[in-house]
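Asker: compute the structure for the input listed below.
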Amino acid sequence: MVGLPHRIIKETQRLLAETVPGIRAERDDSSARYFHVVIAGPQGFPFEGGTFKLELFLPEEYPLAAPKVCFVTKIYHPNVDKLEEYTNEAQAIETARAWTRLCAMNNI
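Answerer: Below you'll find the model as predicted:
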């Protein structure tokens, strides 16, 4: 993780150490700004029993810009487009407005 901002190093350590039930994140071997995320479908919801893979990428502008998240697993959801990207424009705009440099990777 040479050359990375101290903040990204600390957030990566926290993300990998403080696990959330049903969510697993691993840093990619080729880039310290790229993560593989696996989410288990929550009980009592239509996606229960499913396993969903996502990619999380920290742009160069991070933390001033929000991380980019994209589904790897095919998912049929009205807010996810054919490229498996989040498409609810109103929600995306609200998320972008809410994102500040005080937010962290584990806020996503």
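Asker: show me what the longest helix that the chain contains is packed against.
Answerer: As assigned by DSSP state H, the longest helix anywhere in the chain is helix 6-17. Judged by 3 or more C-beta pairs under 8 Å, 6 or more residues apart in numbering; DSSP states H and E, helix 6-17 is in contact with strand 23-27. All C-beta atoms are positioned from the backbone trio N, CA, C, and that covers glycine.
Asker: now do the buried residues in the strand it packs on.
Answerer: Neighbour-count burial for strand 23-27, counted by 16 or more other C-beta atoms under 10 Å, picks out A25, R27.
Asker: again with stretch 99-107
Answerer: W99, M105.
Asker: check A17 and give its pLDDT.
Answerer: Here the pLDDT value assigned to A17 is 92.
Asker: tell me the contacts of it?
Answerer: Applying C-beta atoms under 8 Å, 6 or more residues apart in numbering to A17 gives no contacts.
Asker: and for V38?
Answerer: By C-beta under 8 Å, 6+ apart, the contact set of V38 is I23, R24, A25, T51, F52, K53, L54.
Asker: give me that answer again for 7 Å
Answerer: R24, T51, K53 (C-beta atoms under 7 Å, 6 or more residues apart in numbering).
Asker: same deal with L16?
Answerer: Contacts of L16 by C-beta under 7 Å, 6+ apart are A25.
Asker: tell me how far it lies from E60.
Answerer: Counting by C-beta to C-beta, to the nearest Å, the gap from L16 to E60 is 22 Å.
Asker: low-confidence ranges in this structure?
Answerer: The chain contains residues with pLDDT under 70 at 1-2, 77-97.
Asker: can you give me the strands for it?
Answerer: Ranges of strands within the chain are 23-27, 34-40, 51-57, 68-71, based on DSSP state E.
Asker: related to what we said a few turns ago, as JSON lines, the contacts of V38 with distance to T12 would be great.
Answerer: Formatted as JSON lines, the contacts of V38 follow (distance: C-beta to C-beta, whole Å):
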{"residue": "R24", "distance to T12": "14"}
{"residue": "T51", "distance to T12": "23"}
{"residue": "K53", "distance to T12": "19"}
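Asker: from the residues you listed, which is closest to N107?
Answerer: R24 (17.3 Å; C-beta to C-beta).
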